[in-house]
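Q: let me see the structure of the following:
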Amino acid sequence: MKIFVLAVSALALTGLAACTPTVRVEVAPITIYAKLDADVRLRLDEDVKALIQKNPNLF
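A: Purely as a prediction, here's the structure:
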C-alpha cells in the first residue's frame with residue numbers, strides 16, 4: 001500500500017511539474033509626435049509680456 005501511495009504521489013508531482021504555465025509579454029514602443037501651434041506660442045508670448053509688465057524687476 002505504501003508503494004502505491006508513493007507511486008501515485010510521484011506521478012502527481014511529475015504531472016504538476018510538466019504543466020507549468022508560461023507567460024510572455026511583448027511591449028511595443030510608443031511613439032508620440034508633438035507639434036506646437038503658432039497660436040500657443042503667441043498666447044505664451046502675451047502671457048510673458050503681461051507678467052513682465054506686472055513685475056518689471058523680474059529679470
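Q: center of this protein - which residue?
A: Nearest to the geometric centre of the chain sits V27, at 9.0 Å (CA atoms, centre = their mean).
Q: how near is it to A34?
A: Distance, V27 to A34, using CB to CB, to the nearest Å: 21 Å. C-beta coordinates here come from the backbone N, C-alpha and C atoms, glycine included.
Q: what's the neighbour count on A12?
A: Using other CB atoms under 10 Å, the number of residues around A12 comes to 10.
Q: what's the helix or strand for it?
A: If you go by DSSP states H and E, A12 is part of helix 2-18.
Q: same check on A28?
A: Assigned by DSSP H and E, A28 falls within no helix or strand.
Q: look at it and say how many residues are nearby.
A: A28: 5 neighbours (other CB under 10 Å).
Q: tell me which residues touch it, please.
A: Residues counted as contacts of A28 (CB atoms under 8 Å, 6 or more residues apart in numbering): none.
Q: do the same with R41
A: No contacts exist for R41 under CB under 8 Å, 6+ apart.
Q: what about D47, distance to P56?
A: Computed as CB to CB, the D47 to P56 distance reads 16 Å.
Q: returning to that earlier point: quick one: mean pLDDT for the helix holding A12?
A: For helix 2-18, mean pLDDT rounds to 69.
Q: which SS class is I30?
A: Put simply, I30 is coil when judged by DSSP: H, G, I helix; E, B strand; the rest coil.
Q: got the phi and psi for it?
A: Dihedral pair for I30: phi -100, psi 130, per degrees, to the nearest 10.
Q: that one: neighbour count?
A: Neighbours around I30, by other CB under 10 Å: 5.
Q: can you give me the distance of it to A10?
A: The gap separating I30 from A10 is 49 Å, by CB to CB.
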